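Novice: When you get a sec, could you give me coordinates for this:
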Amino acid sequence: MSGLLSIAICYRTEIEAETHRWIKEILERQFNEIIEKAHSININEHNENISRCDVAILYHYEEENRIDLTKVNELLEDSKWEPLFAKFEKAQIIVVMDNVKDIKKKEVKKVVKAKAQKLLLFRNKHRSSINDGRSGNGKIKKKLDKLKKVLEEQKGKPKQKKTRVHFKKHLTVGICSRESQETYNWLVTLLNSEDFRKKVTDTRPVYVSNTFSQFRSDVSGCTFAILYHSKRRGRINVTDVTDSLYDQELEHLSQSLGRKKVIVVIDDLEDSSDSAKSSIQQSQGSIGRWACELFLFSARDKESLKSGSRPTDVELKINRLYSILSQAM
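Specialist: Down below sits the predicted model:
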């Protein structure tokens, strides 16, 4: 097996953990004369295999079917890709964009080429044809031939010394809400405090409008999400009830980040006790289905955070939040 390549197929989201599998299979099945192993690597998690690889495939699955320059720039500038760009030279990086329909190819290709050796675009029908064993003709064959050519060029180069890749161990927390940022500034202040800075590198306000595609785009750069709701709106209507505000958004966060990286915070309550929490969880079951924890806060709770004299119940909540963030890293 000497001289064969190890490939890192790197992805970011829970959806991509499933959708990238076709490219892993085709690499190991059709390119086995030049590839020893294709490793699936979630870039959010520490994985020593990336240090042993010769080529990196930066894989992106486009849920909306369309790519523009803004989205490509955001994709390539995402800090989660930094370990790739630190270890691999441009000639060793291939960008694969999957499920793409509408695209200005020349513009996007120009941007990608500044970071990578090759850009390959696959439509849903291309992937279906490959999965059905119909990859030997036409455009699909040309794409796979281009991929094989890049890999063959790397196979012919002297092996570089394997270097350890240092992964970031901080979270980018998106606070997703229909409220203005001023409403949850106390939460941002908490996450920016000295203790939480060990876990959180950035907090981002993500406004939830009625345009779901915009929400998905805005939250794509986050590695942890807090769905925030204030009872100032009059009701506790997060999910599963009449006029609920966040059914679609909460499900998307859970599916894209993973349930363990999503929590719900409900603020401005008269009663923030465990019994109130149990009542909400029973009537709005999707909160427990799509998020790993529900936190309730009252005006009294927030005031104690400002004063620094936290009662036991508030201290337990903060410790629980810290624990969840630690486990999500």
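Novice: For the rest of this, base every contact and every neighbour count on C-alpha atoms.
Specialist: OK.
Novice: now the strands: where do they sit in the stretch 201-329 of the chain?
Specialist: Along the stretch 201-329 of the chain, counting by DSSP state E, counting those that start in this stretch, strands occupy 224-230, 262-269, 293-298.
Novice: okay if I get those as CSV plus mean pLDDT?
Specialist: Converted to CSV, those look like this (pLDDT from 0 to 100):
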stretch, mean pLDDT
strand 224-230, 96
strand 262-269, 96
strand 293-298, 96
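Novice: Count the neighbours of the closest residue to residue 90 other than its chain neighbours for me.
Specialist: The shortest distance from residue 90 to any non-neighbouring residue, by Cα to Cα, 6 or more residues apart in numbering, is to residue 116 (4.7 Å). Residues lying near residue 116 (other Cα atoms under 10 Å) number 22.
Novice: what do you get for the one 5 residues further on?
Specialist: When neighbours are defined as other Cα under 10 Å, residue 121 has 17 of them.
Novice: OK, contacts around it?
Specialist: Contact partners of residue 121, counting by Cα atoms under 8 Å, 6 or more residues apart in numbering, are 96-98, 100.
Novice: make it 10 Å
Specialist: By Cα atoms under 10 Å, 6 or more residues apart in numbering, the residues touching residue 121 are 60, 95-101, 103, 105, 109, 143.
Novice: Is there a quick ChimeraX command that grabs whichever of those are buried?
Specialist: Filtering the contacts of residue 121 down to the buried ones (16 or more other Cα atoms under 10 Å) takes a single ChimeraX command:
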select :60,95,96,97,98,99,100,109,143
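Novice: Output the contacts of residue 121 as a markdown table; include the columns distance to residue 306 and secondary structure.
Specialist: Conversion of these to a markdown table gives the following (distance: Cα to Cα, whole Å; DSSP: H, G, I helix; E, B strand; the rest coil):
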| residue | distance to residue 306 | secondary structure |
| --- | --- | --- |
| 60 | 42 | strand |
| 95 | 46 | strand |
| 96 | 47 | strand |
| 97 | 46 | strand |
| 98 | 47 | strand |
| 99 | 47 | coil |
| 100 | 48 | coil |
| 101 | 50 | coil |
| 103 | 49 | strand |
| 105 | 51 | helix |
| 109 | 50 | helix |
| 143 | 58 | helix |
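Novice: any idea how far residue 181 is from the residue lying closest to residue 5 once chain neighbours are set aside?
Specialist: Once flanking residues are discounted, residue 5 sits nearest to residue 35: 4.6 Å by Cα to Cα, 6+ apart. Per Cα to Cα, to the nearest Å, residue 35 is found 49 Å from residue 181.
Novice: Between these two, which is the more surrounded one?
Specialist: Shown here are residue 35 and residue 181; by other Cα under 10 Å, residue 35 has more neighbours (21 against 17).
Novice: Look up how far residue 257 lies from residue 251.
Specialist: Residue 251 is 10 Å from residue 257, by Cα to Cα.
Novice: Also residue 215?
Specialist: 14 Å.
Novice: Who has more neighbours out of the two?
Specialist: More neighbours surround residue 257 than the other of residue 215 and residue 257, with 21 against 17 (other Cα under 10 Å).
Novice: ok, now which ones touch that one?
Specialist: 12-15, 44, 219-220, 222-225.
Novice: Cross the residues you listed against helices and list the overlap.
Specialist: When the contacts of residue 257 are checked against helices (DSSP state H), the matches are 14-15, 219.
Novice: Most neighbours among the residues you listed, which one?
Specialist: Neighbour max across those (other Cα under 10 Å) = residue 219, 24 neighbours.
Novice: wait, what's in contact with that one?
Specialist: Listed by Cα under 10 Å, 6+ apart, the contact set of residue 219 reads 173-176, 204-208, 225, 252-253, 256-257.
Novice: Repeat the analysis, applying 7 Å as the threshold.
Specialist: The contact partners of residue 219, taken as Cα atoms under 7 Å, 6 or more residues apart in numbering, are 174, 206.
Novice: any idea how far it lies from residue 227?
Specialist: Distance of residue 219 to residue 227, computed by Cα to Cα: 11 Å.
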